[in-house]
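Novice: After the sequence you'll find the predicted model.
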Amino acid sequence: MNHSELESQIRAAIRELSATFPPEYWRKADEARGYPEEYVQALTEAGWLSALIPEEYGGSGLGITEASIILEEINRSGGNSGACHAQMYIMGTLLRHGSAVQKEKYLPQIASGKLRLQSFGVTEPNTGSDTTKLKTTAVRKGDFYYVNGQKVWTSRVQHSDLMLLLARTTPLDQVKKKTDGLSVLLVDLREVNDGELTIRPIRNLMNHETNELFFDNLKVPVANLIGEENKGFKYILDGMNAERILIAAECIGDGYWFVEKASAYSKDRVIFDRPIGKNQGIQFPIARAYVNVEAANLMRFRAASLFDASKPCGKEANMAKLLAADASWEAANVAIQTHGGFGFAAEFDIERKFRETKLYQVAPISTNLILSYIAEHVLGMPRSY
Ligand SMILES: Cc1cc2nc3c(=O)[nH]c(=O)nc-3n(C[C@H](O)[C@H](O)[C@H](O)COP(=O)(O)OP(=O)(O)OC[C@H]3O[C@@H](n4cnc5c(N)ncnc54)[C@H](O)[C@@H]3O)c2cc1C
């Protein structure tokens with residue numbers, strides 16, 4: 001099967017599956033701040049969330065290009081990949097740096113849907129984007145690490161069996177480079193003992209299950225260390241290009257959704273005896289938003305094809321994320337404006353998607369830090385922080 005046939009098949013299959021979850025489903029979940037369990041289950045059962053797992057472990061062995069199409073289509077159908085995307089973007093850390101034993105133990109179960117790898121604990125309340133300063137420690141004693149500290153914005157932890165955790169294993173003042181001394185642990189949340197982990201949900205702008213975590217001597221077997229001790233930051237960085245590309249694709253999906261909703265509404269809504277879409281003041285912003293989504297989409301596919309060819313793609317992945325997040329945010333604003341007052345009404349879904357797509361201005365990396373990356377690493381300008 002050539003790439004475009006595969007792409008069409010993936011798009012059609014996700015659209016068909018998503019069509020069985022109408023807008024009311026997402027609206028209800030949003031209102032209740034509830035996890036879209038049934039939708040995630042349906043995606044899991046159909047094998048879509050194990051797209052990146054190699055066939056030998058029970059997955060479908062697809063590339064980032066295909067994985068990104070899956071997430072794009074979820075968002076383009078009116079849903080929100082935020083409920084389940086981490087399984088795709090954190091998978092690479094386990095795939096590339098996990099031991100044969102770890103892969104054998106976890107990947108087939110993740111592929112079959114028995115285990116969920118949906119949670120990723122990096123951000124901390126006092127250090128934020130300055131990741132290497134994070135304060136959570138993992139101290140080894142015998143066959144276990146004992147984790148102490150705090151994380152914030154750890155998403156989907158209540159709907160995951162496994163969590164990838166970044167913690168400091170060598171104090172900052174004892175390492176040559178600040179990026180040294182961090183390690184990645186695969187925490188099996190089913191094995192956590194009472195009192196070792198406190199989860200405090202954070203109510204937020206949209207329906208996104210995210211939490212504060214407090215670790216009190218959380219016991220993690222040394223066997224769950226991914227790769228080498230003290231080299232974890234590199235492993236996390238490795239996964240970031242995948243994350244940027246996948247998030248870009250979600251934004252592209254949102255962007256198309258907003259543009260389609262806005263243009264359809266503008267053709268139907270008659271005010272002053274003419275469809276509002278006849279006015280260039282309405283047309284042009286929608287047309288411009290569409291142009292920007294299309295342009296961002298090119299960068300997303302460029303980044304994805306470099307990634308799949310194992311070529312450097314840091315520049316393209318970051319640019320794709322920035323362009324796509326900006327394009328979806330522009331399209332979201334245009335959609336609200338086009339709908340006038342109805343843009344604010346929950347039953348039109350615009351305001352929900354507007355809130356959802358705003359996240360990508362800030363997470364998983366904020367626009368400013370992408371610009372810093374481009375300035376420093378692409379244009380050779382001085383480091384600003
Ligand atoms: C809903 C939600 C879900 C999330 N899920 C996860 C998750 O699952 N796992 C996880 O680990 N994290 C998660 N995050 C955290 C997210 O990755 C961070 O919010 C993000 O990286 C920014 O960090 P911060 O919020 O601490 O902002 P800060 O680092 O405090 O930055 C605040 C603002 O200052 C700007 N800024 C900071 N430094 C500079 C500089 N040098 N130059 C210019 N501007 C600067 C930033 O761009 C930002 O706009 C989530 C966040 C949200 C809101």
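Specialist: Received it, and whenever you're ready, just let me know what you need.
Novice: do stretch 31-42 and the ligand meet?
Specialist: No: in terms of C-beta under 6 Å from any ligand atom, no part of stretch 31-42 sits within range of the ligand; the closest distance is 12.2 Å. Just so you know, the C-beta spots here come from the backbone N, C-alpha and C atoms, and that holds for glycine as well.
Novice: Buried residues, that stretch. List them.
Specialist: Neighbour counts over stretch 31-42 (16 or more other C-beta atoms under 10 Å) mark 35-36, 39-40 as buried.
Novice: How about stretch 236-246?
Specialist: 236, 239-246.
Novice: what distance separates it from the centre of its chain?
Specialist: On the basis of C-alpha atoms, centre = their mean, to the nearest Å, stretch 236-246 sits 9 Å off its chain's mean C-alpha point.
Novice: circling back to that earlier point, now, which of the buried residues of stretch 236-246 sits nearest residue 105?
Specialist: residue 239 (19.6 Å; C-beta to C-beta).
Novice: biggest separation within the buried residues of stretch 31-42, which pair?
Specialist: 35 and 39 (9.3 Å).
Novice: For the buried residues of stretch 236-246, give me JSON lines that also has secondary structure.
Specialist: Formatted as JSON lines, the buried residues of stretch 236-246 follow (DSSP: H, G, I helix; E, B strand; the rest coil):
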{"residue": "236", "secondary structure": "helix"}
{"residue": "239", "secondary structure": "helix"}
{"residue": "240", "secondary structure": "helix"}
{"residue": "241", "secondary structure": "helix"}
{"residue": "242", "secondary structure": "helix"}
{"residue": "243", "secondary structure": "helix"}
{"residue": "244", "secondary structure": "helix"}
{"residue": "245", "secondary structure": "helix"}
{"residue": "246", "secondary structure": "helix"}
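Novice: Intersect those with the contacts of the ligand.
Specialist: With C-beta under 6 Å from any ligand atom as the criterion, the buried residues of stretch 236-246 include none near the ligand.
Novice: which SS class is residue 119?
Specialist: For residue 119, the secondary-structure state derived from three-state DSSP is strand.
Novice: circling back to that earlier point, the buried residues of stretch 31-42 in helices, which ones?
Specialist: Judged by DSSP state H, the subset of the buried residues of stretch 31-42 located in helices is 39-40.
Novice: per-residue pLDDT, residue 237?
Specialist: Note for residue 237: predicted pLDDT of 89.
Novice: Now it, what are its backbone angles?
Specialist: Main-chain torsions, residue 237, degrees, to the nearest 10: phi -60, psi -40.
Novice: Buried residues of the helix or strand that contains residue 299, list them for me.
Specialist: Per DSSP states H and E, residue 299 falls inside helix 280-308. For helix 280-308, the buried set under the neighbour-count rule, 16+ other C-beta under 10 Å, comprises 282, 285-286, 289-290, 292-293, 296-297, 299-308.
Novice: cool, and stretch 195-211?
Specialist: Those would be 196-197, 206-211, for stretch 195-211 by 16+ other C-beta under 10 Å.
Novice: same deal with stretch 225-237?
Specialist: So, applying 16+ other C-beta under 10 Å, buried residues of stretch 225-237: 225-227, 229-233, 235-236.
Novice: Likewise for stretch 104-120?
Specialist: Buried positions in stretch 104-120, judged by neighbour count with 16+ other C-beta under 10 Å: 105-113, 115-120.
Novice: before we move on, the earlier item: and which of the buried residues of stretch 31-42 is nearest to the ligand?
Specialist: Nearest to the ligand among the buried residues of stretch 31-42 is residue 35, at 13.7 Å by C-beta to the nearest ligand atom.
Novice: The closest one contacts residue 28, doesn't it?
Specialist: No: with contact defined as C-beta atoms under 8 Å, residue 35 does not reach residue 28; the gap is 11.9 Å.
Novice: Average pLDDT for stretch 127-146, rounded please.
Specialist: 98.
Novice: Could I have the CA atoms of it written out in PDB?
Specialist: The C-alpha coordinates for stretch 127-146 follow below in PDB (Å, rounded to 0.1, in the frame of the first residue of the first chain):
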ATOM      1  CA  THR A 127      11.000  25.400  38.100                       C
ATOM      2  CA  GLY A 128       8.500  25.200  35.200                       C
ATOM      3  CA  SER A 129      10.200  25.500  31.800                       C
ATOM      4  CA  ASP A 130      13.700  25.400  33.500                       C
ATOM      5  CA  THR A 131      13.500  21.600  33.500                       C
ATOM      6  CA  THR A 132      17.100  20.800  34.600                       C
ATOM      7  CA  LYS A 133      16.500  22.600  37.900                       C
ATOM      8  CA  LEU A 134      13.700  20.300  38.800                       C
ATOM      9  CA  LYS A 135      13.700  19.300  42.500                       C
ATOM     10  CA  THR A 136      12.200  15.800  42.600                       C
ATOM     11  CA  THR A 137      14.900  13.300  43.600                       C
ATOM     12  CA  ALA A 138      15.200   9.600  43.200                       C
ATOM     13  CA  VAL A 139      17.800   8.100  45.600                       C
ATOM     14  CA  ARG A 140      18.900   4.600  45.100                       C
ATOM     15  CA  LYS A 141      19.000   2.200  48.100                       C
ATOM     16  CA  GLY A 142      19.500  -1.500  47.100                       C
ATOM     17  CA  ASP A 143      17.100  -2.600  44.500                       C
ATOM     18  CA  PHE A 144      14.800   0.500  44.800                       C
ATOM     19  CA  TYR A 145      14.800   4.200  44.100                       C
ATOM     20  CA  TYR A 146      13.000   6.300  46.700                       C
END
